[in-house]
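[1] Mind looking at a prediction? Sequence and model below.
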Amino acid sequence: MHNDQIHLLITFTGHCTKCHRFNSAVVQDYGVLSMEQLETILDTHSYQAVPLQCKKCGTLYPAERRVYTDKIRNILIGEEKISYADMDTDEHRMLMEGHDARIQIYQEQEAEFWMIYTDFALSDWTRAVQELNKAEIADGLNAIDQDQPLRTDLHARKEAQKVPASSRSAFWKAANHTFVQDLLDIGALAWLPQDYAKQYGANRTRAAMMYFPIAEALEIKRTEHLGQLFKRERGDNDFWMRRVVQLTQAIQKQRVKYNELYLQADQQKHIIAQLQDRLGEAHQLHRQQSEVATHRSDSSRDPDDIRQIRELKSFITELKHEMKQLQAQIAPAEDSLPDVPLLTSALPEDRSLHKDDRFAHLKDKTVLILGGYSAKQVYNEYPCTILSHDGRKQDPDYQAYLKKADGVIVLTRFISHAAMWEAKEYVTLIDPKPACYRPETNLDLLLDYLNKAFSLEAPALSN
């Protein structure tokens with residue numbers, strides 16, 4: 001086993017937002033590789049955040065950290081917080097495309113970069129030379145055929161001062177070859193400006209990073225890197241750079257806040273899900289009590305049943321109020337619902353039956369579809385009147401359609417929980433009517449389910 005070999009594991013970790021148990025999961029095991037092989041692989045791989053599944057309660061929830069460990073030495077190499085503020089798919093794709101194209105971009109603009117970077121050095125040759133070390137100066141002198149023994153960094157810098165003006169451009173390019181090659185190999189995504197400033201000097205680090213050719217999508221990264229080098233500078237131009245630093249830091253604070261809100265929203269989802277379960281149980285128990293009560297006259301109804309029904313109604317009202325408050329806190333989560341689907345009739349129709357016969361129980365009925373829509377001419381092919389609503393908001397149309405409909409179809413994958421439970425309460429307690437709750441988007445199939453519900457004279461048919 002060679003010392004330069006490593007067995008890298010990428011692990012996601014985090015606390016469950018429902019039960020708070022700590023979990024971890026290995027998302028990538030590279031096996032044993034040399035450092036050179038690993039650098040090549042890591043340069044072409046990215047690790048988008050994937051949900052963790054809690055080993056205690058089974059909940060899927062957002063990971064908090066990305067951890068890098070060496071299995072051979074059993075040591076932690078590093079870890080980083082996962083920023084969900086940077087999870088925009090298109091933005092990430094553009095960053096990676098810009099990173100992958102860095103060599104081509106550099107080659108296309110190489111001459112222009114070296115001209116500007118050399119002008120920076122020539123404008124104050126004494127200051128520029130002070131940031132070169134003995135090895136760099138030796139490379140520069142060798143490039144202009146002035147190779148000579150150099151005893152110390154100080155001696156080397158004195159010799160560099162003597163380079164004729166006509167040879168300084170070639171000298172500077174050769175002396176900075178290693179530095180510029182580092183910037184190119186690593187790429188702007190992973191530049192370490194403060195480390196470069198210590199190794200190569202703050203002045204030329206700023207100049208090189210400021211003018212280095214990179215993709216447009218990576219310009220925000222350039223600004224962030226440069227901001228780290230202008231925190232304590234003085235002068236008119238430096239004032240504006242410090243202002244950029246302040247704005248960059250403000251953006252970073254917003255990212256941290258977004259991360260916190262993202263995890264809080266996930267916690268609220270679990271609370272709402274629990275309340276919805278309790279509300280469903282309450283609805284079921286209330287429905288059972290109501291069915292028993294319908295077989296009794298008012299004079300023979302048990303007082304305990306009347307009391308339980310009243311308590312259940314009060315409990316349901318409280319749950320609805322609490323759910324609405326929680327739903328308002330995570331309103332942006334509704335944006336994550338899939339787009340409202342266009343209903344299709346992709347399944348072959350039973351040609352032995354005309355639609356009027358096939359959906360006979362729906363004839364002259366009004367059907368409401370919550371969570372999907374189709375063209376009016378498609379609706380006209382059926383013997384019933386079809387209304388549709390996306391279910392995103394419980395607006396006046398939503399309530400009016402529920403009241404007008406003889407039967408309701410709820411597309412469970414495309415409607416918010418709040419809208420679904422509102423519909424369930426209406427068709428179960430307020431105005432009982434046939435309803436079905438389905439994930440499909442085929443109109444013929446959906447109407448088949450509702451037609452069956454009417455034929456059985458059942459108040460509801462669920463998946």
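    Cool, the structure landed.
[2] Confirm G58 sits in a strand?
    No. Read with DSSP: H, G, I helix; E, B strand; the rest coil, G58 is coil and lies in no strand.
[3] next one: phi and psi at it?
    Dihedral pair for G58: phi 80, psi 0, per degrees, to the nearest 10.
[4] So it versus I75, what's the distance?
    Here the criterion is CB to CB, to the nearest Å. By it, G58 lies 32 Å from I75. All C-beta atoms are positioned from the backbone trio N, CA, C, and that covers glycine.
[5] same thing with L319?
    L319 is 51 Å from I75, by CB to CB.
[6] same thing with F414?
    48 Å.
[7] who has more neighbours, those two?
    Higher neighbour count among F414 and I75: F414, with 19 against 8, using other CB atoms under 10 Å.
[8] The more buried one contacts G371, correct?
    Yes. Using CB atoms under 8 Å, F414 is in contact with G371, at 3.8 Å.
[9] Can you pull the residues that touch both of those two?
    340-341, 390-391 (CB atoms under 8 Å, 6 or more residues apart in numbering).
[10] can you pull out the helices in the stretch 51-200 of the chain?
    Applying DSSP state H, counting those that start in this stretch to the stretch 51-200 of the chain gives helices spanning 89-100, 102-123, 125-129, 134-143, 153-161, 168-175, 177-186, 193-200.
[11] Would you mind finding the most buried of those?
    Neighbour counts (mean count of other CB atoms under 10 Å) averaged over each of the helices of the stretch 51-200 of the chain peak at helix 168-175, with a mean of 21.
[12] That one - contacts with which helices or strands?
    Counting by 3 or more CB pairs under 8 Å, 6 or more residues apart in numbering; DSSP states H and E, the packing neighbours recorded for helix 168-175 are helix 102-123, helix 134-143.
[13] Now render those as JSON lines, adding mean pLDDT and distance to Q37.
    Below are the helices and strands packed on helix 168-175 laid out as JSON lines (pLDDT from 0 to 100; distance: least, CB to CB, whole Å):
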{"stretch": "helix 102-123", "mean pLDDT": "94", "distance to Q37": "19"}
{"stretch": "helix 134-143", "mean pLDDT": "93", "distance to Q37": "27"}
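[14] Between those, which one is closest to E79.
    Of all the helices and strands packed on helix 168-175, helix 102-123 sits nearest to E79, with 26.1 Å by CB to CB.
[15] Just want the angle from that closest one to helix 89-100.
    Here helix 102-123 runs at an angle of 70 degrees relative to helix 89-100 (axes from the mean of the first three to the mean of the last three CA atoms, to 10 degrees).
[16] ok, and what's touching helix 102-123?
    When contacts are defined by CB under 8 Å, 6+ apart, helix 102-123 is touched by residues 98, 128, 165, 168-169, 172-173, 176, 180, 184, 187-188, 204, 207-208, 211-215.
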